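Q: kindly return the folded structure for what I paste below:
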Amino acid sequence: MRFPGFDGEWNNKKLDDVSIIGRGKSKHRPRDADFLFGGKYPFIQTGDIRKASLYLEHFTQTYSEAGLKQSKLWNEGTLCVTIAANIAETAILKIQACFPDSIIGMIPVDGQTTSLFLKHSFDKFKIKIQTLSQGAAQDNLNQEKLSNIEFSFPHIDEQLKLTAFLSLIDDRIETQSKII
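A: Numbering: from 1, shown residues only. All right, here's what the predicted structure looks like:
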């Protein structure tokens, strides 16, 4: 789909050219140690991302101060991508949150792309991305594979126009879902 006024070529770029990519952290073993949980820091898990539609603001677990110390707090606007269990599920953080190493965080580079454009690109090519994760033992998608995935990107102005249009549609779908 092209809007009037946009006619330049879309360029293929690797994800690590348009975003800062990092893996979530949960260093403590065992990961289910009680003292890590029950604090004020949202701890996002793959199931939380799977349940989210576009933005993620609801979570099932929190980290304590000890949990935060062995993890990392990601900023609002980070695109979360699951790389184990529910592979290639995505949601954009609407809150600051921590997440484990089964989730990749992507922070768009200013002037290159946006979290919304990345999210819609992932959603469009989800099945293709999931095939990259298939292995002999257990399916998973690692940071290196993810960094080398290429998507086509128009100029940032066209990305903004496209995502504004898609956001209007998303809002209407959400409104209709609430009515139903």
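
Q: in which helix or strand would I find the residue positioned nearest the centre of the chain?
A: With distances taken as CA atoms, centre = their mean, Cys80 lies nearest the centre of the chain, 2.3 Å away. Using DSSP states H and E, Cys80 sits in strand 79-82.

Q: can you list the strands that that strand pairs with?
A: Pairing partners of strand 79-82, with direction, according to DSSP bridges: strand 90-93 (antiparallel), strand 103-108 (antiparallel).

Q: what comes into contact with it?
A: Contact with strand 79-82 is made by 19, 44, 46, 49-50, 56, 74, 88-93, 99, 102-108, 115, 118-119, 122, 141, 146, as judged by CB atoms under 8 Å, 6 or more residues apart in numbering. Where C-beta positions appear, they are placed from N, C-alpha and C, glycine not excepted.

Q: ditto for stretch 24-32
A: With CB under 8 Å, 6+ apart, stretch 24-32 has contacts from 36, 67, 70-72, 74, 98-105.

Q: in helices only, show me these.
A: Gly67 (DSSP state H).

Q: list buried residues within the contacts of stretch 24-32.
A: Listed as buried from the contacts of stretch 24-32 are Leu36, Gly67, Gln70, Ser71, Trp74, Cys98, Phe99, Pro100, Ser102, Ile103, Ile104, Gly105; burial here means 16 or more other CB atoms under 10 Å.

Q: let's have those residues in JSON lines, adding pLDDT and distance to Asn11.
A: Below are those laid out as JSON lines (pLDDT from 0 to 100; distance: CB to CB, whole Å):
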{"residue": "Leu36", "pLDDT": "95", "distance to Asn11": "43"}
{"residue": "Gly67", "pLDDT": "95", "distance to Asn11": "41"}
{"residue": "Gln70", "pLDDT": "94", "distance to Asn11": "39"}
{"residue": "Ser71", "pLDDT": "96", "distance to Asn11": "35"}
{"residue": "Trp74", "pLDDT": "98", "distance to Asn11": "28"}
{"residue": "Cys98", "pLDDT": "97", "distance to Asn11": "34"}
{"residue": "Phe99", "pLDDT": "96", "distance to Asn11": "30"}
{"residue": "Pro100", "pLDDT": "94", "distance to Asn11": "33"}
{"residue": "Ser102", "pLDDT": "92", "distance to Asn11": "31"}
{"residue": "Ile103", "pLDDT": "95", "distance to Asn11": "28"}
{"residue": "Ile104", "pLDDT": "96", "distance to Asn11": "23"}
{"residue": "Gly105", "pLDDT": "97", "distance to Asn11": "24"}
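
Q: quick check: the farthest pair among those residues?
A: Farthest pair in those (CB to CB) is Leu36 and Ile104. Separation: 20.9 Å.
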